[in-house]
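*Asks:* My questions are about this predicted structure, shown below with the sequence.
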Amino acid sequence: MPSARLGLSRRQFVLGSVAALGASSWSRVYGANDTLRLASVGVGGKGWDDSNQISASPKVSVVALCDTDESDKFLGRAATKFKAAKTFTDWRKLFEQHKTFDAVSVSTPDHMHAPIALPAMALGKHVFCQKPLTHTVHEARQMKLAAKKYGVVTQMGNQIQSHEAYRTAVKLVRDGTIGKVKEVHSWQSGKLGWILAPDRPKTADPVPEKLHWNDWLGAAPERPYKARLYHDFNWRAWQDFSNGQLGDFGCHILDPVFMALGLTAPTTVRGNRSEMNREVWYTWSVVEYEFPGTDRTADKTVKLTWYDGEGKLPPRDKLGLKADTKLPGSGSLLLGTKGTLLVPHVAMPKLLPEGEFAPIKPEPAVNHYTTWADACRGEGKVTSHFDYAGALTETVLLGTVALRVPGETLKWDSAALTVTNSKEATALLTKPYRKGWEPKWV
Ligand SMILES: NC(=O)c1ccc[n+]([C@@H]2O[C@H](COP(=O)([O-])OP(=O)(O)OC[C@H]3O[C@@H](n4cnc5c(N)ncnc54)[C@H](O)[C@@H]3O)[C@@H](O)[C@H]2O)c1
């Protein structure tokens, strides 16, 4: 719709405003009693939880809600709870009112994280964004650069990082309890939680009256609406919207490994998987990463292998475990020079062999959501800021790139953002965007 004032489309107006204002124009200096004004984008599903968790702080008020589905389960429910909040179905309209809020939570399907969070940061908004941070490796790098450029407080929604279990695991490794780490195995062997159609449906359904399907698609290529297969939750099966099982769980399960070892970027990555077409993701995968060693690894390089799919566990003969040691359905094993750390997803870690270590002292949890809100107000610090979470997400999503060119050992040049030995894989670091929905790159 053209803007009467400027003769520009609404989107051009928003992005033009962003460029003209710069981040610092709207950053506030907070007093002890000032509240953080939160705009929540995507308020069904995890976004409902995120809005509630962040606003559990008495110093946060939810002033705006945005969701592409106005029905009771989505925008309706949130509007009933957060009565004072203004409601929107299009985040671009919300951003036009940028003077009325300070921070944004983004809890939409993955393909819209970067298109929403990047202009938010350019407007000087602090951002809480769900995991995986983005849909492509290139977007993850951009999120990291944007957070730095605009000086905003950011946090990815991998909340288990702040749980007692993962914090204890990280501390045990950092304290040298298992010595130097020789190799790592991480897995998610549970059943796929979403409907995995074999291919794109040949028929369409009428779009529900309260769903704004075109806005839900956003930056993704246009496709007809089909009930149950995409909105809500089942978008996870589709390459246009998600990164499959590794994208869904990698930013949780690999997080304590990444943090404990101080990993940055892999040097090589190689993927293997079940059959997959150009629409939906696979049913199982194995991804082998090699990273430069750190002061917590035994050698100059360290291998991390990821396994996913129902019943897909690391091979026992590689783990040196006693026959009666059971592995949880998902988690990680860090094999060290002085012992092994089992990090279940999500339960307290175990030191192996059992009985050979002093009892574990738990590291207390912190609140992943309100620490972000506090940090936005200038109190304290966050741990899953986009500098960290961008690098973690790049690693996870590089795995999904490797899974699209299975069997090839890809050489990763992180500084140049290039797969040096595969043009095909380099092309998969980004994707085409629907015209008019291109993200605001840094
Ligand atoms: N941290 C965790 O443990 C955790 C758990 C579940 C989901 N997630 C993440 O949360 C995100 C959402 O997942 P979900 O399971 O809640 O999905 P969902 O489909 O159940 O909910 C997404 C919500 O966003 C809305 N939405 C979609 N596009 C939108 C847009 N362009 N603008 C505004 N609203 C929009 C939908 O209507 C819906 O309310 C994903 O990135 C997912 O990976 C994280």
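*Replies:* Structure's in. What do you need?

*Asks:* and stretch 330-345, C-alpha only, in CSV?
*Replies:* In CSV, the C-alpha atoms belonging to stretch 330-345 read as follows (Å, rounded to 0.1, in the frame of the first residue of the first chain):
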residue,chain,number,x,y,z
SER,A,330,19.3,-37.4,23.3
GLY,A,331,22.4,-35.7,24.5
SER,A,332,26.2,-35.7,24.2
LEU,A,333,29.2,-37.7,25.3
LEU,A,334,32.5,-35.9,25.7
LEU,A,335,35.4,-38.4,25.8
GLY,A,336,38.2,-36.9,27.9
THR,A,337,41.7,-38.0,28.8
LYS,A,338,40.6,-38.5,32.5
GLY,A,339,37.1,-39.7,32.0
THR,A,340,33.8,-39.2,30.1
LEU,A,341,31.0,-36.8,30.6
LEU,A,342,27.5,-37.8,29.6
VAL,A,343,25.3,-34.7,29.1
PRO,A,344,21.7,-35.8,28.7
HIS,A,345,19.2,-33.4,27.1
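
*Asks:* near the ligand, anything from that stretch?
*Replies:* No - Stretch 330-345 does not reach the ligand (CB under 6 Å from any ligand atom); its nearest approach is 10.6 Å. In short, each C-beta sits where N, CA and C put it, glycine included.

*Asks:* got it, and stretch 58-68?
*Replies:* Yes - counting by CB under 6 Å from any ligand atom, contacts between stretch 58-68 and the ligand involve 66-68.

*Asks:* What are the boundaries of the strands in the stretch 201-350 of the chain?
*Replies:* 268-273, 285-292, 301-308, 330-336, 340-344, 350-352 (DSSP state E, counting those that start in this stretch).

*Asks:* which residues are in contact with the shortest one?
*Replies:* This means strand 350-352. Outside strand 350-352, the residues that touch it by CB atoms under 8 Å, 6 or more residues apart in numbering are 172, 177-178, 321-322, 325, 339-342, 344, 357, 360.

*Asks:* ok, now the fourth one?
*Replies:* With contact meaning CB under 8 Å, 6+ apart, strand 330-336 is reached by 173, 177-190, 249, 253-254, 256-257, 260-261, 298, 314, 319-321, 327, 340-345.

*Asks:* follow-up on the earlier one: can you add mean pLDDT and mean neighbour count and give the strands of the stretch 201-350 of the chain back as TSV?
*Replies:* Shown next, in TSV, are those (pLDDT from 0 to 100; neighbours: other CB atoms under 10 Å):
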stretch	mean pLDDT	mean neighbour count
strand 268-273	98	21
strand 285-292	98	21
strand 301-308	98	22
strand 330-336	98	24
strand 340-344	98	23
strand 350-352	98	20
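
*Asks:* between the ones you listed, which gets nearest to A365?
*Replies:* Distance to A365, taken as CB to CB, is lowest for strand 340-344 among the strands of the stretch 201-350 of the chain, at 15.3 Å.

*Asks:* Pairing partners for the closest one, with directions?
*Replies:* Sheet pairing for strand 340-344, assigned by DSSP bridges, gives strand 330-336 (antiparallel), strand 350-352 (antiparallel).

*Asks:* Quick check on the residue in the chain that the ligand sits nearest to: phi, psi?
*Replies:* When scored by CB to the nearest ligand atom, the chain has G45 as its residue closest to the ligand, at 2.1 Å. The phi/psi pair for G45 (degrees, to the nearest 10) reads phi 50, psi -130.

*Asks:* Take the residues of stretch 58-68 next to the ligand and keep only those in helices.
*Replies:* Among the residues of stretch 58-68 next to the ligand, no member falls in helices (criterion: DSSP state H).

*Asks:* Sticking with A365, tell me its helix or strand.
*Replies:* Under the criterion of DSSP states H and E, A365 resides outside all helices and strands.

*Asks:* Report the buried residues of the longest helix along the chain.
*Replies:* For the chain, the helix that runs over the most residues, judged by DSSP H, is helix 386-404. For helix 386-404, the neighbour count (16 or more other CB atoms under 10 Å) marks 386, 388-404 as buried.

*Asks:* I'd assumed A122 was in contact with K440.
*Replies:* Yes - counting by CB atoms under 8 Å, K440 touches A122, with 5.6 Å between them.

*Asks:* These two: who's more crowded?
*Replies:* Neighbour totals were compared for K440 and A122, and A122 leads with 24 against 19 (other CB atoms under 10 Å).

*Asks:* separation between that one and M143?
*Replies:* 12 Å (CB to CB, to the nearest Å).

*Asks:* sorry, back to before: the strands of the stretch 201-350 of the chain: which one's closest to R167?
*Replies:* Nearest to R167 among these is strand 340-344 (11.1 Å), distances taken as CB to CB.

*Asks:* Please enumerate residues in contact with that closest one?
*Replies:* 165-166, 169, 172-173, 177-178, 256-257, 319-321, 325, 327-328, 330-334, 349-353.
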